[in-house]
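Enquirer: After the sequence you'll find the predicted model.
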Amino acid sequence: MALISAMLDVNGEKKAVTIRSSDILLDVIREHLGLTGAKPGCLNGDCGACTVMVDGRPMKSCLMLGAEAVGKRITTIEGLKNTPIQQAFIENFAFQCGYCTPGFIMNCHALIETHPDATAEVIQNWLESNICRCTGYKEIEKAVKAAMKKRNGLYPLS
């Protein structure tokens with residue numbers, strides 16, 4: 001197995017890593033960088049618990065090799081600070097056990113950044129890429145809509 005020494009741009013910081021060419025980004029983030037917000041779930045791209053942002057787009061980190069992340073901007077849940085979606089998840093009780101929550105927040109943050117005026121259909125489509133086994137999706141959908149309102153200035157940030 002070949003080893004690769006590389007610099008990764010994670011949450012706005014350059015991080016030196018030495019990884020195997022077969023390491024998935026999820027393992028690099030968790031095991032080499034100690035950032036445990038992205039969670040292992042299905043490890044085949046179905047559940048979305050491992051969602052991070054790569055160059056501003058949501059990516060299931062179990063589907064990307066760590067070596068593919070070189071030269072890209074990686075944002076994990078630890079890199080989000082005081083975003084409307086984080087506060088909206090709290091205010092709308094959009095989680096139960098919390099295992100899937102970081103992946104949902106990353107996906108929803110990307111949704112709001114990409115489609116600030118998303119329709120209910122677009123929101124539902126984006127939410128289908130993540131799975132929550134504890135609760136319904138109504139609270140999560142409500143949180144997305146509340147965060148969109150905050151982002152668009154329809155009421156002040158708290």
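Expert: Received it, and whenever you're ready, just let me know what you need.
Enquirer: Go ahead and confirm Cys62 touches Gly48.
Expert: No - between Cys62 and Gly48 there is no contact under Cβ atoms under 8 Å: 9.6 Å. Quick note: C-beta positions are derived from backbone N, CA and C, even for glycine.
Enquirer: intersection of neighbour lists for the two?
Expert: Gly41 (Cβ atoms under 8 Å, 6 or more residues apart in numbering).
Enquirer: Burial check on Asn82, number of neighbours?
Expert: When neighbours are counted by other Cβ atoms under 10 Å, Asn82 registers 8.
Enquirer: ok so it is a helix residue?
Expert: No - according to DSSP: H, G, I helix; E, B strand; the rest coil, Asn82 belongs to no helix; its state is coil.
Enquirer: wait, what's in contact with the spatially most central residue of the chain?
Expert: The chain has Met106 as the residue nearest its centroid, 2.6 Å off, counting by Cα atoms, centre = their mean. Contact partners of Met106, counting by Cβ under 8 Å, 6+ apart, are Ala38, Thr51, Val52, Met53, Pro58, Thr75, Thr76, Ile77, Leu80.
Enquirer: isn't there a helix covering Ser5?
Expert: No - assignment of Ser5 by three-state DSSP gives strand, placing it outside any helix.
Enquirer: Next, the residue nearest to it when sequence neighbours are not counted: phi, psi?
Expert: Sequence neighbours aside, Thr18 is the residue nearest to Ser5 in space, at 4.9 Å (criterion: Cβ to Cβ, 6 or more residues apart in numbering). In this entry, Thr18 is assigned phi and psi values of phi -120, psi 120 (degrees, to the nearest 10).
Enquirer: contacting residues around Thr18?
Expert: Taking Cβ under 8 Å, 6+ apart as the test, what Thr18 contacts is Leu3, Ile4, Ser5, Ala6, His32.
Enquirer: what separates it from Ser129, distance-wise?
Expert: For Thr18, the distance to Ser129 (Cβ to Cβ, to the nearest Å) stands at 31 Å.
Enquirer: cool, and Ala94?
Expert: Distance from Ala94 to Ser129, by Cβ to Cβ: 16 Å.
Enquirer: Export whatever helix or strand Trp126 lives in to CSV, keeping only CA atoms.
Expert: Using DSSP states H and E, the element containing Trp126 is helix 120-127. This file holds the C-alpha atoms of helix 120-127, laid out as CSV (Å, rounded to 0.1, in the frame of the first residue of the first chain):
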residue,chain,number,x,y,z
ALA,A,120,-40.5,22.6,-0.5
GLU,A,121,-39.8,20.1,-3.3
VAL,A,122,-36.1,21.0,-3.5
ILE,A,123,-35.8,20.8,0.3
GLN,A,124,-37.4,17.4,0.3
ASN,A,125,-35.2,16.2,-2.5
TRP,A,126,-32.0,17.3,-0.6
LEU,A,127,-33.2,15.7,2.7
